[in-house]
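1. My questions concern the predicted model and sequence given below.
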Amino acid sequence: MARNVSTGRKIGTTALAWFVGLVIFFPILWTFLTSFKTELQAISIPPVFVGFDWTLENYQTIQTQSNYFHFMANSIYLSLGSTALGLIVAVPAAWAMAFSPTKRTKDILLWMLSTKMLPAVGVLIPVYLMFIKFGLLDSRLGLIVVLFLINLPIIVWMLYTYFKEIPGEILEAARMDGASLRKEITQVLAPMAVPGIASTVLLNVILSWNEAFWTLNLTTSNAAPLTAFIASFSSPQGNFYAKLSAASMLAIAPILIVGWFSQKQLVRGLTFGAVK
Amino acid sequence: MRGDRSGNAMATTHTKSLARAMMAPAVIVLLIWMIVPLAMTLYFSTLNYTLYNPFSTPFVGFENYSYFLTDPTFLAALANTLVLVLGVLAITVGGGILIALLLDQDFYGVNIVRLLVIAPFFVMPTVAALVWKNMMMNPVYGVIGQLLQAVGLAPIDWMTEVPLLSIVIIVAWQWLPFATLILLTALQSLSMDQKEAAEMDGAKALSIFWYITLPHMSRAITVVILIQTIFLLSIYAEILVTTQGGPGSQSTNITYLVAQQATSYGDIGAASAGGIVAVILANIVAIFLVRLIGKNLDA
């Protein structure tokens, strides 16, 4: 009897949870479906759900008319470039903070965090003017540096929380056994640090990919990533829902997949280790 | 202990300077990134500096501030910023608690539903805003309009009739997964024993939630509120691609107003003053967050 009740309750919960999940996911699902419709089907009244002639036409148009791959390539350059630069600077810093902490380590970490809270508009104008002066406006290099700087505090923090969990005694044990510094790093520490570094890379790629203040304000075409490409659809001409949908799917699909794989790390990275 | 330390003095000094050298690049670039542009913004904010006449920039003291702060658009933008932040927080925290409680239950396909719920967080702001504006909220072709018509109600022209509410909805959709995910993480660390003990004592579901679950989540709720506030204060892309702050200034927030001062009006002085005002507002929030996380670091 008791079991029946709980099975009944489980089915009820299942129905409710799936309903909520699908409502939240609906705009993405709808965009996905619309991207395979013709423009006329995309605005048909009443809307068609799946009973339409699926076509890849929009995806082809997006590439031929607006050179989608140029923006895609920029998104990849910017997110990977800023992440690589971030790691080069942050790994040693987080390493030092985790393994040789001093009285000031905590203050430095909190200060780094506080730079993240500086609103972008507070520094937009000087950065914009400097970019003009040094010819960095609409250049990939300039944006890589800016994205690197705005995400650096998060990278340092995230790496720090991971490195802190590597037991320091392991290092001492390795030293006792006469391991050289190189061996210490390549055989003892690197394997333990890799998962944390990988999670940090994922989160930082997601954040850089979706960043839409600096990328919109500091690019026009040459260095413009997908955020700016999609923004060009904000002044539509004629029927464009199906093409907007195809462009949107292309812009979000890679990061959606990366994101789904890294949901656990996301919590930790975005709360600076305050919620695990 | 003391003897130990002096015995290692050489090694320690060496390690310390190495540690300092390893930290230096990160600290230096962030220091430059924070101080140089901010000092320039502060300096520009005291000048009569427009892009139309960039060669004559006389010092005007606090004039830009009094211009920016007494501009009726500033008050409207301040009010809009508050509505935007508080509206999104109310929806995401309230909805996040409910959905986290739901996802914490045992049901079929829990992992797939989790993926569906967190998906919006990975959608870039420009895509989220344009998809909602056109495919959901368009009065004629949008899904919401068609649903309303199907049940015999008049469709709403969201972007012109209720522009600020529209942006609140779009942004709340983007941030609901974040709140849900963090609250769910906190919820899952609540020990079953505690809940079961309360159930044994005959406590009702509602009082268990009120006296056990909610206090347990309080810290996570605080973190969600503070982190989201930082990001919500600088909402920009969602406004740019939907309402462009309009009609009038009905959906202009501080960030958008400042960016507009610089890019549309070329008024570097006023925009800089506005930027400094935004920095001060954000700092008030930041102080609380740094304290909270600092406490956690000790624990």
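-> Nice, thanks for sending it over.
2. And the next helix or strand past the helix or strand bottoming out on mean pLDDT in chain B?
-> Across the helices and strands of chain B, the lowest-confidence element by mean pLDDT, DSSP states H and E is helix B:2-7, at a mean of 39. For helix B:2-7, the following helix or strand on the C-terminal side (DSSP states H and E) is helix B:9-44.
3. Any buried residues in that next one, and which?
-> B:19, B:22-23, B:26-27, B:29-30, B:33-34, B:37-38, B:40-42, B:44 (16 or more other Cβ atoms under 10 Å in any protein chain shown). Glycine gets a C-beta too; all of them are placed from N, C-alpha and C.
4. just checking, what packs against that helix?
-> helix A:68-99, helix A:105-116, helix A:120-133, helix A:140-163, helix B:268-298 (3 or more Cβ pairs under 8 Å, 6 or more residues apart in numbering or on different chains; DSSP states H and E).
5. quick one: the third one to helix B:9-44, angle?
-> Same thing as helix A:120-133. When axes from the mean of the first three to the mean of the last three Cα atoms, to 10 degrees is applied, the directions of helix A:120-133 and helix B:9-44 differ by 90 degrees.
6. how far is helix A:120-133 from where the chain is centred?
-> 24 Å (Cα atoms, centre = their mean, to the nearest Å).
7. Show me what from the stretch 51-200 of chain A comes close to chain B.
-> A:89-90, A:92-93, A:95-97, A:99-100, A:102, A:106, A:108-110, A:112-130, A:149, A:152-153, A:156 (Cβ under 8 Å from any Cβ of the partner chain).
8. Just the buried subset of the residues you listed, please.
-> For those, buried by 16+ other Cβ under 10 Å: A:89-90, A:92-93, A:95-97, A:99-100, A:108-110, A:112-129, A:149, A:152-153, A:156.
9. Walk me through the domains of chain A.
-> Domains of chain A are assigned by automatic domain parsing as A:2-58, A:68-270.
10. tally of neighbours for B:A286?
-> Per other Cβ atoms under 10 Å in any protein chain shown, the neighbour tally for B:A286 reads 22.
11. Can you tell me the closest non-neighbouring residue to it?
-> With Cβ to Cβ, 6 or more residues apart in numbering or on different chains as the measure, A:M117 is the residue that lies nearest to B:A286, at 3.9 Å, once sequence neighbours are left out.
12. so what's that neighbour up against?
-> Residues in contact with A:M117 (Cβ atoms under 8 Å, 6 or more residues apart in numbering or on different chains) are B:230, B:282-283, B:285-286, B:289.
13. Recalculate using a threshold of 10 Å.
-> Residues in contact with A:M117 (Cβ atoms under 10 Å, 6 or more residues apart in numbering or on different chains) are A:153, B:226-227, B:229-230, B:233-234, B:279, B:282-283, B:285-287, B:289-290.
14. from those, which is closest to A:T220?
-> The closest of these to A:T220 turns out to be B:S234 (Cβ to Cβ; 21.6 Å).
15. Distance of the closest one relative to A:K133?
-> 25 Å (Cβ to Cβ, to the nearest Å).
16. between the two, which one's more packed in?
-> Taking neighbours as other Cβ under 10 Å, B:S234 and A:K133 compare with B:S234 leading, 23 against 9.
17. which intervals of the chain have sub-threshold pLDDT?
-> Assuming you mean chain A. Scanning chain A for pLDDT under 70 picks out A:1-5, A:236-239, A:272-276.
18. nope, chain B please
-> For chain B (pLDDT under 70), the answer is B:1-12, B:293, B:296-299.
19. Just name the most buried of the domains of chain A.
-> Sort those by mean neighbour count, taking mean count of other Cβ atoms under 10 Å in any protein chain shown, and domain A:68-270 sits at the top with a mean of 19.
20. measure it end to end?
-> End-to-end distance of domain A:68-270: 30 Å, with Cα to Cα, to the nearest Å as the criterion.
21. center of the chain, which residue is that?
-> This is for chain A. A:I206 (0.7 Å; Cα atoms, centre = their mean).
22. my bad, the chain I had in mind was chain B
-> Nearest to chain B centroid, counting by Cα atoms, centre = their mean: B:F231, 2.3 Å.
23. That one contacts B:W175, doesn't it?
-> Yes. Using Cβ atoms under 10 Å, B:F231 is in contact with B:W175, at 7.7 Å.
24. any shared contact partners between these two?
-> B:V88.
25. Let me have the domains of chain A in a markdown table, extended by distance to B:L78.
-> Below are these laid out as a markdown table (distance: least, Cβ to Cβ, whole Å):
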| stretch | distance to B:L78 |
| --- | --- |
| domain A:2-58 | 30 |
| domain A:68-270 | 14 |
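26. Nearest to B:S66, out of those domains?
-> Using Cβ to Cβ, these put domain A:68-270 closest to B:S66, at 19.0 Å.
27. Quick one: distance of that closest one to the chain centre.
-> For domain A:68-270, the distance to the chain centre is 8 Å (Cα atoms, centre = their mean).
28. ditto for stretch B:216-223
-> 16 Å.
29. Likewise for stretch B:205-214?
-> Worked out by Cα atoms, centre = their mean, stretch B:205-214 lies 28 Å from the chain centre.
30. now swap in stretch B:39-55 and tell me
-> That offset, for stretch B:39-55, works out to 29 Å (Cα atoms, centre = their mean).
31. was I right about A:L159 contacting A:L109?
-> No. Using Cβ under 10 Å, A:L159 is not in contact with A:L109; the gap is 11.1 Å.
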